[in-house]
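Q: Dropping the sequence and predicted coords here.
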Amino acid sequence: MMGRSFSSMPIEFQTINGLQQLAETRRFKAWFLDQFGVLHDGKQPYPGAISTLEKLANYGTKMVIISNSSRRASTTFDKLRSLGFDTSLFVGAITSGELAHEYLLRRDDPWFTRLGRSCIHMTWNDRGAISLEGLDLQVVDNVEEAEFILAHGTEALGLPSGAALSMMLEDLEKILEQCVAKKIPMVVANPDFVTVEARALRVMPGTLAATYEKLGGEVKWMGKPGEGSLLLLSLEGSMQLNSDLVNSEKLQITLLFMLLPRNTRLIQHMCSHHLHGSLIIVFLCGSEAQLPIHSQYMEEHRF
């Protein structure tokens with residue numbers, strides 16, 4: 001789940017004995033947890049992840065899923081339930097897909113207000129196309145008719161009929177070349193470059209967005225990293241979390257947990273797809289096989 005790089009920040013290291021030690025302090029108002037490559041690999045939970053969440057809940061921990069998934073929050077919970085997780089343990093979920101949906105629906109942000117209604121929709125095929133229901137958008141397959149690009153996936157091009165035409169990444173990139181010539185903007189609903197799926201890496205929409213920027217196109221990146229206002233909007237608006245959590249001063253994203261069940265070590269730093277300028281606490285598993293993306297990133301940057 002690699003995304004854009006961020007400016008250098010001081011790196012401090014602290015070793016802890018496990019999540020229980022931290023949970024017992026009851027110091028943090030909320031715990032924010034990623035899902036892919038953290039709780040599960042897209043196909044099955046990581047060993048001990050389900051029981052760890054249950055134990056954390058016993059300490060009164062309020063947990064929120066925060067994920068660069070192009071799908072909406074309700075779909076995220078459906079996915080977690082299908083993998084055996086008890087979703088009642090979470091007070092909410094925030095996904096980049098949910099943020100994109102909210103901004104396209106509300107259009108009270110000046111940038112989104114200027115967007116038109118006709119779009120080139122890059123979506124999924126094998127992974128399941130993403131519905132645009134309720135957004136009052138017109139999907140077109142002719143760049144000349146498009147006013148912006150909406151990137152949900154990297155496997156297909158959405159058609160006006162509602163179907164999806166399977167395409168290779170290279171074919172989608174050729175469409176981007178036509179779009180940049182017309183100078184239309186892109187909204188990317190998942191800023192990750194890749195994600196983990198059963199220990200393999202899958203190309204994510206962030207790859208298309210990065211290509212579009214290199215071509216000279218304008219991109220609105222949704223999700224992590226992102227401005228705190230995006231997250232707070234989601235919490236206060238679409239997520240409808242408990243008022244004591246929303247109103248807490250500790251909600252200023254001082255804690256982001258990448259939860260893995262065993263052999264954990266605490267690192268106050270994270271790969272490039274997480275939040276800028278904030279205290280980030282991350283748990284990485286001792287097994288690099290479970291985290292092919294993070295282990296690759298650390299190898300490249302010699303952590």
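A: On my side now, so go ahead. Everything numeric in this text was worked out from a predicted model, so none of it was measured.
Q: just so I have it, where are all the helices in the stretch 1-150 of the chain?
A: 19-25, 49-57, 73-82, 96-106, 110-113 (DSSP state H, counting those that start in this stretch).
Q: Output those as CSV; include the columns mean neighbour count and distance to residue 219.
A: C-beta coordinates here come from the backbone N, C-alpha and C atoms, glycine included. As requested, the helices of the stretch 1-150 of the chain are exported to CSV (neighbours: other CB atoms under 10 Å; distance: least, CB to CB, whole Å):
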stretch, mean neighbour count, distance to residue 219
helix 19-25, 15, 36
helix 49-57, 18, 33
helix 73-82, 16, 23
helix 96-106, 22, 12
helix 110-113, 12, 11
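Q: For residue 127, find the nearest of those.
A: In terms of CB to CB, the element of those nearest to residue 127 is helix 73-82, at 11.1 Å.
Q: So which elements touch the closest one?
A: Secondary-structure packing of helix 73-82 (3 or more CB pairs under 8 Å, 6 or more residues apart in numbering; DSSP states H and E): strand 63-67, strand 90-95, helix 96-106.
Q: Packing partners of the longest one?
A: Using 3+ CB pairs under 8 Å, 6+ apart as the contact test, the elements touching helix 96-106 are helix 73-82, helix 110-113, strand 186-188, helix 228-236.
Q: Among the ones you listed, which one carries the weakest average confidence?
A: When the helices and strands packed on helix 96-106 are compared by mean pLDDT, helix 228-236 comes last with a mean of 40.
Q: picking that back up, looking at the helices and strands packed on helix 73-82, which is closest to residue 220?
A: Across the helices and strands packed on helix 73-82, closest to residue 220 is helix 96-106 (CB to CB), at 8.2 Å.
Q: Next, the angle from that closest one to helix 73-82.
A: Note on geometry: by axes from the mean of the first three to the mean of the last three CA atoms, to 10 degrees, helix 96-106 and helix 73-82 are set 150 degrees apart in direction.
Q: Can I get helix 96-106 as CSV, trimmed to CA atoms?
A: C-alpha atoms of helix 96-106 as CSV (Å, rounded to 0.1, in the frame of the first residue of the first chain):
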residue,chain,number,x,y,z
SER,A,96,-10.8,6.9,0.9
GLY,A,97,-13.7,5.6,-1.2
GLU,A,98,-16.2,6.9,1.4
LEU,A,99,-14.4,10.3,1.4
ALA,A,100,-14.6,10.5,-2.4
HIS,A,101,-18.3,9.6,-2.4
GLU,A,102,-19.0,12.2,0.2
TYR,A,103,-17.2,15.0,-1.6
LEU,A,104,-18.8,14.1,-5.0
LEU,A,105,-22.2,14.0,-3.3
ARG,A,106,-22.0,17.1,-1.3
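Q: Now tabulate the helices of the stretch 1-150 of the chain in JSON lines and tack on distance to residue 36.
A: As requested, the helices of the stretch 1-150 of the chain are exported to JSON lines (distance: least, CB to CB, whole Å):
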{"stretch": "helix 19-25", "distance to residue 36": "19"}
{"stretch": "helix 49-57", "distance to residue 36": "12"}
{"stretch": "helix 73-82", "distance to residue 36": "10"}
{"stretch": "helix 96-106", "distance to residue 36": "12"}
{"stretch": "helix 110-113", "distance to residue 36": "27"}
